[in-house]
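A.B. asks: this one's sequence-less:
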């Protein structure tokens, strides 16, 4: 009887309702090949308990999935605790962060193997190697230490047809991973494709997915979601594809056939009158648009393939879809960005909020994710990457931990954090609170970000609105659905 394999992911509390889709892909492939798989999806305050639970099952190895940011440190804490309980426990890291920085990860004494790229076949072959059924040197896509030497096995190529892989929701208690939004509808997270065909200079996809988009067949997706819909009485789907509309016709086929309210990511250049009609017909509940900047120079620098005028035109069209919440995401403080260009972004957000009053915006500061084109520019401009894996938690666009060494005019990320919070709080105008409601507009128009006590008060208000179970939270989440907890 084979030992069980443990797959683990540490998420922030606010993300615990999102199913650990990467683990369910890998776990499903292992299960199909007759391995006993146990998935541990935990929050940061559950690390010690989860480590003990994993130790108790005496796994063949532990696969830890990690992305760059807070999850990097939390994954390191889990791995260290597992090694403390039993230093013989074999730990493999996979996911975006170790795939982008495999050599650094492989040098950590709490990581035995690093999986580079997609993990299904790599994890299966590692299991076979640890059982003595194959030579570790034949496992493609891993990096590891052997007598203090770093060994890099043969690269694993991307699988052209991903229909062989399935998200196996039976590995978790799915009821705990159904979110309740859009009027308390029961919503499932799902992925229908991998990668993106565009080449935005700030994105991990260029390296991780080699600028390739690989979809599941529409037939497979429709069948799986319809089965899940019937089994769990689903009311909606959140599509977490990097770009749901990489193939617009395929995406339209999916959302029409599935016939559920939905969320997805779309490029603003895809918006036309017919597209807006489709949003209305298919009950699109939310859309996310990567608008990125109010500066045409910056949009060109990051290869976004869109202009400020195209953004304005798309938002004008979107306001007709009154039942669809639209979110525009912006990045502040990218390498070579001037103060004037940051202000152009602020001015564009203010203009768009008048064009489409129900639109919401997020404005996080730039994070130099390893491997992207913009990362190399950040290095040229003075960014010093962390020397330890766990210290990459500095790359969190919400926490404001970083010194922005790639900018000549602004070194303090608190500056951009304040802008971000005022942008997040623009919907306060809908509450018609005396004095308070107009403060975010006033500060953004005047470019005045020096009121520390004021922003501290507003952040406290934001936290109160983000708490689901209080009366003020319930009211606030209806009016301000995109406020983010600190």
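C.D. replies: Structure received. Predicted model only: the values in this text are computed from it and were never measured. Numbering: from 1, shown residues only.

A.B. asks: mind listing what the nearest residue to residue 242 once chain neighbours are set aside touches?
C.D. replies: Of all residues not flanking residue 242 in the chain, residue 196 sits nearest, at 4.4 Å (C-beta to C-beta, 6 or more residues apart in numbering). Every C-beta, even on glycine, is put in place using the N, C-alpha and C of the backbone. Neighbouring residues of residue 196 by C-beta atoms under 8 Å, 6 or more residues apart in numbering: 203, 205, 209, 211, 213, 242, 243, 246.

A.B. asks: cool, and residue 69?
C.D. replies: Per C-beta under 8 Å, 6+ apart, neighbours of residue 69: 367, 392, 393, 395, 396.

A.B. asks: cool, residue 236 as well?
C.D. replies: Here residue 236 is in contact with 181, 182, 185, 186, 187, 188, 260, 261, 262, 263, 285 (C-beta under 8 Å, 6+ apart).

A.B. asks: swap in 10 Å and give it another go.
C.D. replies: Residue 236 makes contacts with 178-183, 185-188, 229, 258, 260-263, 283, 285-286, as judged by C-beta atoms under 10 Å, 6 or more residues apart in numbering.

A.B. asks: re earlier: sort out which one of the contacts of residue 196 lies nearest residue 355 for me.
C.D. replies: Here the nearest of these to residue 355, counting by C-beta to C-beta, is residue 243; it sits at 23.7 Å.

A.B. asks: just the pLDDT for that closest one.
C.D. replies: pLDDT for residue 243: 93.

A.B. asks: isn't it up against residue 211?
C.D. replies: No: counting by C-beta atoms under 10 Å, residue 243 sits too far from residue 211 to count as a contact (11.7 Å).

A.B. asks: which residues are common contacts for those two?
C.D. replies: Going by C-beta under 10 Å, 6+ apart, residues that sit against residue 243 and also against residue 211 are 195, 196, 197, 198, 205.

A.B. asks: show me which of these are buried.
C.D. replies: 195, 196, 198, 205 (16 or more other C-beta atoms under 10 Å).

A.B. asks: TSV for those, including secondary structure, distance to residue 98 and pLDDT?
C.D. replies: Shown next, in TSV, are these (DSSP: H, G, I helix; E, B strand; the rest coil; distance: C-beta to C-beta, whole Å; pLDDT from 0 to 100):
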residue	secondary structure	distance to residue 98	pLDDT
195	strand	18	94
196	coil	20	93
198	coil	24	93
205	helix	16	84
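
A.B. asks: ok, of these, which one's closest to residue 106?
C.D. replies: residue 205 (22.7 Å).

A.B. asks: please list all residues in contact with the closest one.
C.D. replies: If you count contacts by C-beta under 10 Å, 6+ apart, then residue 205 has 96, 194-199, 211-213, 242-243, 371-372 around it.

A.B. asks: swap in 6 Å and give it another go.
C.D. replies: Counting by C-beta atoms under 6 Å, 6 or more residues apart in numbering, residue 205 makes contact with 195, 196, 242.

A.B. asks: roughly how far apart are the nearest residue to it once chain neighbours are set aside and residue 150?
C.D. replies: Computed as C-beta to C-beta, 6+ apart, the closest residue to residue 205 that is not its neighbour in sequence is residue 196, at 4.9 Å. Applying C-beta to C-beta, to the nearest Å, the value for residue 196 to residue 150 is 30 Å.

A.B. asks: over to residue 109?
C.D. replies: According to C-beta to C-beta, residue 109 and residue 150 sit 13 Å apart.

A.B. asks: please say which of those two ends up with more neighbours.
C.D. replies: A direct count of neighbours by other C-beta atoms under 10 Å for residue 109 and residue 150 places residue 150 higher, at 13 against 10.

A.B. asks: helix/strand/coil for that one?
C.D. replies: With DSSP: H, G, I helix; E, B strand; the rest coil as the basis, residue 150 sits in strand.

A.B. asks: confidence score at it?
C.D. replies: Listed pLDDT for residue 150 reads 96.

A.B. asks: beta partners of it?
C.D. replies: Beta bridges link residue 150 to residue 145 when assigned by DSSP bridges.

A.B. asks: now residue 262
C.D. replies: Applying DSSP bridges, one finds that residue 262 bridges with residue 237, residue 284.

A.B. asks: surely it meets residue 240?
C.D. replies: No: Residue 262 is not in contact with residue 240 according to C-beta atoms under 6 Å; the separation is 11.4 Å.

A.B. asks: which one of the two has more residues nearby?
C.D. replies: More neighbours surround residue 262 than the other of residue 262 and residue 240, with 25 against 16 (other C-beta under 10 Å).

A.B. asks: distance of the more buried one from residue 143?
C.D. replies: 38 Å.

A.B. asks: same check, this time on residue 78
C.D. replies: As defined by C-beta to C-beta, residue 78 lies at a distance of 20 Å from residue 143.

A.B. asks: same check, this time on residue 15
C.D. replies: Residue 15 sits at a distance of 28 Å from residue 143 (criterion: C-beta to C-beta).
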